[in-house]
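*Asks:* show me how the following folds:
(one chain, ligands or ions: 1)
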Amino acid sequence: MTITLITGANKGLGYEAARRLKAEGHSIYLGARDKGRGTAAAESLGVRFVQLDVTDDDSVAAAADDIRRRDGRLDVLINNAGITGGRSKPEDVTADTIRAVYETNVFGVVRVTHAMLPLLRASENPVIVNVASGLGSLGIVTDPKRGESTYASLSYASSKSALVMLTIQYAKAFPEFRVNVVDPGYTATDLNGNSGTQNVTEGTDAMVRMATIAKDGPTGRFEDRGGVIPW
Ligand SMILES: NC(=O)c1ccc[n+]([C@@H]2O[C@H](COP(=O)([O-])OP(=O)(O)OC[C@H]3O[C@@H](n4cnc5c(N)ncnc54)[C@H](OP(=O)(O)O)[C@@H]3O)[C@@H](O)[C@H]2O)c1
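*Replies:* Presented below is the predicted three-dimensional model:
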């Protein structure tokens, strides 16, 4: 059975990915930073909860230990947890504002990936799916036809660009893994006050496709639900 960990899965896209991948036969670890919210979400899906705050070294190390004890390996890691950091005016954005967003969206992914590497290496087909955004695509944010080009998002957009680059570098570093990055598309969740135009099932199409990728499938790709998108 495929053992899958999803970070930030107590709600939104992570929760829907957990629901869909469980239906595909995966054994899910539903990661959440809050024990109460995480346990309730995991129980509602009939999957296992693991406490995991991506900004906290001890929490991430304990989650890795927990998975090692219970299963001894991890097949699929979905780095989904993310924050926007709010919408500050660009002139009000400071290094501290950006650092807080990077702590979750960038350093959090490195922290979790680093801790889970030994477990992923124990898998026959290790897969990492990083959840970025169209706002992290240089091609999309400079395309006047795209909504993402119409406003400046210093912290969030640059954090997701960093995540796209991390994905490429991890894919090069670990050719025996499938390491890909996805843009869910603009999806109604708490992240955007439920203003998104897609539902969570549409928003998890690319995540689910990349999480169920074959051993000889692509690696180092940036895709949305329609396929490859610009860097
Ligand atoms: N929705 C969209 O339109 C859209 C578009 C492009 C990309 N994305 C990306 O998709 C991912 C999921 O977003 P969403 O729309 O599902 O947002 P969401 O509903 O706000 O869910 C975000 C999840 O991340 C968790 N989280 C935040 N900080 C965390 C931390 N330090 N440790 C562990 N978990 C943490 C939240 O937990 P709490 O409940 O404890 O806060 C929550 O479970 C994010 O990476 C986001 O950037 C979303």
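*Asks:* quick one: the helices in this structure, in order.
*Replies:* 12-23, 35-45, 57-70, 95-105, 107-121, 138-141, 154-173, 200-203, 205-211 (DSSP state H).
*Asks:* any chance of those in CSV, plus distance to residue 82?
*Replies:* C-beta: built from backbone N, CA, C; applies to glycine. Putting the helices of the chain into CSV (distance: least, Cβ to Cβ, whole Å) gives the following:
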stretch, distance to residue 82
helix 12-23, 9
helix 35-45, 16
helix 57-70, 16
helix 95-105, 5
helix 107-121, 8
helix 138-141, 17
helix 154-173, 8
helix 200-203, 13
helix 205-211, 12
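*Asks:* tell me the residues of this structure that contact the ligand?
*Replies:* 7-8, 10-14, 32-34, 37, 52-55, 80-83, 104, 108, 131, 133, 183-184, 186-187, 189-192, 196 (Cβ under 6 Å from any ligand atom).
*Asks:* just the ones of these in strands?
*Replies:* Among those, DSSP state E puts 32, 131 in strands.
*Asks:* now stretch 186-204, how far from the centre of its chain.
*Replies:* In this view, stretch 186-204 has its centroid 15 Å away from the chain centroid, taken as Cα atoms, centre = their mean, to the nearest Å.
*Asks:* go through it and flag the buried ones.
*Replies:* For stretch 186-204, the buried set under the neighbour-count rule, 16 or more other Cβ atoms under 10 Å, comprises 186-189, 191, 196, 198, 200, 202-204.
*Asks:* swap in stretch 56-67?
*Replies:* 56, 59-60, 62-64, 66-67.
*Asks:* tell me the one of those residues nearest residue 153?
*Replies:* Lowest distance from residue 153 to the buried residues of stretch 56-67 (Cβ to Cβ) belongs to residue 56, with 25.6 Å.
*Asks:* need the max-distance pair from the buried residues of stretch 186-204.
*Replies:* 191 and 202 (14.9 Å).
*Asks:* got a pLDDT number for the most far-flung residue of the chain relative to its centre?
*Replies:* Most distant from the centre of the chain: residue 91, at 28.7 Å, with distances by Cα atoms, centre = their mean. Note on residue 91: pLDDT of 94.
*Asks:* wait, doesn't residue 29 sit right on residue 47?
*Replies:* Yes: counting by Cβ atoms under 8 Å, residue 29 does reach residue 47; the two are 7.4 Å apart.
*Asks:* the two: who's more crowded?
*Replies:* Counted by other Cβ atoms under 10 Å, residue 29 and residue 47 do not tie: residue 29 has more neighbours, with 26 against 21.
*Asks:* just the endpoints, please. Distance across stretch 21-37?
*Replies:* End-to-end span of stretch 21-37 (Cα to Cα, to the nearest Å): 20 Å.
*Asks:* model confidence for residue 151, exactly?
*Replies:* Note on residue 151: pLDDT of 87.
*Asks:* likewise residue 62?
*Replies:* Looking at residue 62, its pLDDT stands at 98.
*Asks:* residues in contact with it?
*Replies:* residue 51 (Cβ atoms under 8 Å, 6 or more residues apart in numbering).
*Asks:* geometric centre of the protein: which residue is closest?
*Replies:* Central residue of the chain (Cα atoms, centre = their mean): residue 80, at 2.2 Å.
*Asks:* so it is in contact with residue 206, correct?
*Replies:* No: taking contacts as Cβ under 8 Å, residue 80 lies outside contact range of residue 206: 11.7 Å.
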